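# any chance you can model this:
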Amino acid sequence: MCPYIMSLAIFTSLDWGVVIAYFALVTIVGLAVARKDQDAKEYFLGNRSMPTWAVAVSIVATMLSAATFVGVPDSAYAGDLSYLSLTLGGILAVFVVALLFIPRLYRAGTVTIYGFLAQRFGETARIAVSFTFIFGRMLASGARLFLAAIPLCLLMFGSRSPHVWQLVVAICLISVVGTFYTVMGGVRAVIWVDTIQFAIVIGAAFLSVGILLHRIPLSVSEIMHVLVNSHTVAGGQSKLHLVDTSLDFTKPYTIWAAVFAAVFLHTAAYGVDQDLAQRFLVSKSVVRGGISIITSQLISILTISLFLVIGLLLYIFYQRPDLMKSTHEAPANGISVYPWFLLNELPTVLSGISIAGFFAIAQGSMDSAMNALASSIVADLYLPMRRHLGLTPDERGGGDASKITVAAVGAVLCLFAIFCALIYDPKNKSLLDYALGVLTFAFTGMLGVFMTALLTRRGNSASVIAALVAGVVTVVLLQDSVLGWWTAHLFRTPLKLAWPWWMPIGTIVSFIVCVAGAPKRNIAMQKTMDAAVRCSHS
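Predicted coordinates for the structure are as follows:
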């Protein structure tokens with residue numbers, strides 16, 4: 001039987017009905033929370049009236065992209081639990097953001113966090129950082145959307161190695177629904193739909209664990225014993241190996257990467273990326289904003305642990321026929337194990353619920369990215385331009401422009417996803433490494449600029465732009481092929497560096513470049529003086 005027919009036979013009309021019902025549900029919720037005549041501030045900040053628990057869940061739903069749904073089980077299936085060690089850096093980072101970033105950025109009173117940089121360095125710096133965010137988030141979210149399309153192609157076409165046109169169809173299907181309800185409801189729709197999506201994702205994950213424990217003919221203690229005595233191919237570590245203390249900087253998931261490198265990455269994710277920072281901006285207060293991101297990190301750790309457990313159980317299910325007393329066809333190279341299990345092993349309806357969970361997590365990161373990108377385009381580029389031309393005096397305008405921008409961002413995001421599908425090399429990077437590594441290109445310079453703004457009184461528009469360029473150039477120089485080439489010429493030995501270390505190195509370089517700029521006079525004070533001069537002349 002051909003793969004396409006097998007796929008249709010496995011995924012029945014009832015399963016498709018569950019998926020369609022999911023799409024209908026999120027669309028209805030998006031329409032239900034939509035409000036007419038929303039201005040830009042209402043559309044992107046929801047009047048700062050969102051409940052703390054919903055904000056925390058929305059942050060987790062945004063972070064848990066398709067890379068988590070697909071990549072984290074793959075990491076445990078083929079390796080061990082060392083990926084979980086990176087969450088230690090996340091715990092440290094959320095306290096840094098809660099104490100240092102949120103009070104200053106929240107009280108700035110701007111639609112996006114980059115408005116704070118306009119107050120600190122001037123409009124040119126704001127525009128430069130916003131452009132950097134837009135490009136970096138487009139590329140990273142495009143990578144996430146591309147990753148989501150791979151297992152969807154398995155569902156729709158039964159394709160183990162999907163063609164580009166199949167990926168395009170899958171990308172568009174995910175995009176259309178997410179774009180529709182995000183356009184209609186703004187950030188309110190994003191947050192409330194995120195809570196529904198997160199519930200579906202967690203429900204599907206627990207469902208998978210329950211079915212695996214039922215299908216594996218071992219008790220929990222016996223499963224633990226098997227995993228302790230099972231070893232990964234690389235390094236011969238136990239499957240339950242958690243902390244890698246080696247000083248090998250080519251490994252991405254060592255304790256040193258977690259304590260040092262991952263702190264920079266998570267600080268950037270929570271503090272300088274509008275995609276997540278928008279969540280604490282919609283909170284009711286500074287304190288509640290801080291509580292929301294700390295809570296979200298704790299929930300995220302538990303969720304990641306759940307997906308790692310799924311990966312370990314799938315290892316026994318597919319790789320240990322001696323224990324299963326039967327043989328189950330394992331996915332071929334290039335096919336992620338968890339979507340394969342959902343499609344081939346779950347009974348009708350349950351399979352549909354689980355795949356709906358996959359769609360939920362894919363859309364959760366996409367709709368958030370669209371809203372964040374649109375907020376930056378409108379608040380940091382469009383509205384300042386209108387004010388400069390004397391067309392809109394403040395941020396109370398831009399409602400229609402906001403919706404049009406979200407729709408346009410959704411379309412462009414599809415193009416970036418197609419671009420990521422063309423450049424992705426599965427031989428050199430795992431899906432998880434690829435999705436996370438893309439973020440560092442933009443994050444390094446942005447974090448260096450924000451640290452300058454928050455910790456010093458130095459810097460100006462010129463040094464901000466130079467710092468952003470320095471961050472991108474540094475990360476480019478640290479890529480495996482580039483780093484290997486120039487280190488081979490300098491030291492006669494090609495070197496490699498795991499992707500988590502790109503972030504601290506690039507951030508330090510960017511910070512040094514940014515603080516090298518002489519400080520400008522206080523922007524607010526300058527505006528007051530200019531107004532006084534105009535009054536005196538009149």
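# sketch out the low-pLDDT regions of the stretch 201-350 of the chain for me.
232-236, 333-334 (pLDDT under 70).
# please enumerate the helices of the stretch 151-300 of the chain.
Secondary structure of the stretch 151-300 of the chain by DSSP state H, counting those that start in this stretch: the helices cover 164-215, 220-228, 255-256, 262-271, 274-281, 286-319.
# reformat the ones you listed as JSON lines; add mean neighbour count.
For the C-beta atoms, the positions are set from N, CA and C on the backbone; glycine is no exception. Output for those, formatted as JSON lines (neighbours: other Cβ atoms under 10 Å):
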{"stretch": "helix 164-215", "mean neighbour count": "21"}
{"stretch": "helix 220-228", "mean neighbour count": "14"}
{"stretch": "helix 255-256", "mean neighbour count": "17"}
{"stretch": "helix 262-271", "mean neighbour count": "26"}
{"stretch": "helix 274-281", "mean neighbour count": "27"}
{"stretch": "helix 286-319", "mean neighbour count": "20"}
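# go through stretch 102-122 and flag the buried ones.
For stretch 102-122, the neighbour count (16 or more other Cβ atoms under 10 Å) marks 102, 104-106, 108, 110-122 as buried.
# that older thread, could the helices of the stretch 151-300 of the chain go into CSV alongside distance to I28?
Listed next are the helices of the stretch 151-300 of the chain as CSV, based on distance: least, Cβ to Cβ, whole Å:
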stretch, distance to I28
helix 164-215, 9
helix 220-228, 40
helix 255-256, 46
helix 262-271, 31
helix 274-281, 23
helix 286-319, 26
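# M366 is nearest to which of those?
Between M366 and the helices of the stretch 151-300 of the chain, the tightest spacing by Cβ to Cβ is seen for helix 164-215, at 4.8 Å.
# tell me what angle the closest one forms with helix 286-319.
For helix 164-215 against helix 286-319, the angle between stretch directions is 80 degrees (axes from the mean of the first three to the mean of the last three Cα atoms, to 10 degrees).
# could you say what helices and strands helix 164-215 packs with?
Applying 3 or more Cβ pairs under 8 Å, 6 or more residues apart in numbering; DSSP states H and E, we find helix 164-215 packed against helix 13-33, helix 40-45, helix 52-63, helix 123-157, helix 286-319, helix 337-345, helix 350-376, helix 399-423.
# now do the last one: which elements does it pack against?
Contacting helix 399-423 under the criterion 3+ Cβ pairs under 8 Å, 6+ apart are the following elements: helix 40-45, helix 123-157, helix 164-215, helix 350-376.
# quick one: which of those is nearest I255?
Set against I255 and scored by Cβ to Cβ, the helices and strands packed on helix 399-423 come closest in helix 123-157, at 25.6 Å.
# that closest one: how far from the chain's middle?
Its chain's C-alpha centre and that of helix 123-157 lie 9 Å apart, by Cα atoms, centre = their mean, to the nearest Å.
# that helix to helix 350-376, inter-axis angle?
Inter-element angle recorded for helix 123-157 and helix 350-376: 160 degrees (by the same axes, to 10 degrees).
# roughly how far apart are A149 and V70?
Look at A149 and V70: by Cβ to Cβ, to the nearest Å, they are 11 Å apart.
# look at these two and report which has more neighbours.
Neighbours were counted for A149 and for V70 using other Cβ atoms under 10 Å; A149 has more, 29 against 26.
# report pLDDT for the closest residue to that one other than its chain neighbours.
For A149, ignoring the flanking residues on the chain, the nearest one in space by Cβ to Cβ, 6 or more residues apart in numbering is A170 at 3.8 Å. We note a pLDDT of 80 for A170 in this prediction.
# now L100
With respect to pLDDT, L100 scores 92.
# please work out how many residues are found near it.
L100: 16 neighbours (other Cβ under 10 Å).
# cool, L415 as well?
Neighbour tally, L415, other Cβ under 10 Å: 13.
# check contacts around it.
For L415, the contacting residues are G142, by Cβ atoms under 8 Å, 6 or more residues apart in numbering.
# in space, what's closest to T250 - neighbours in sequence excluded?
In this structure, T250 finds its nearest non-sequential neighbour in K496, 4.8 Å apart by Cβ to Cβ, 6+ apart.
# three-state assignment of the one you found?
Here K496 is coil, with the state taken from DSSP: H, G, I helix; E, B strand; the rest coil.
# picking that back up, closest one to R457 among the helices of the stretch 151-300 of the chain?
Taking Cβ to Cβ, helix 262-271 is the member of the helices of the stretch 151-300 of the chain nearest to R457, at 19.3 Å.
# closest one to H241 among the helices of the stretch 151-300 of the chain?
Of all these, it is helix 220-228 that lies closest to H241, at 9.4 Å by Cβ to Cβ.
# check the offset of the closest one from the chain's centre.
On the basis of Cα atoms, centre = their mean, helix 220-228 sits 33 Å off its chain's mean C-alpha point.
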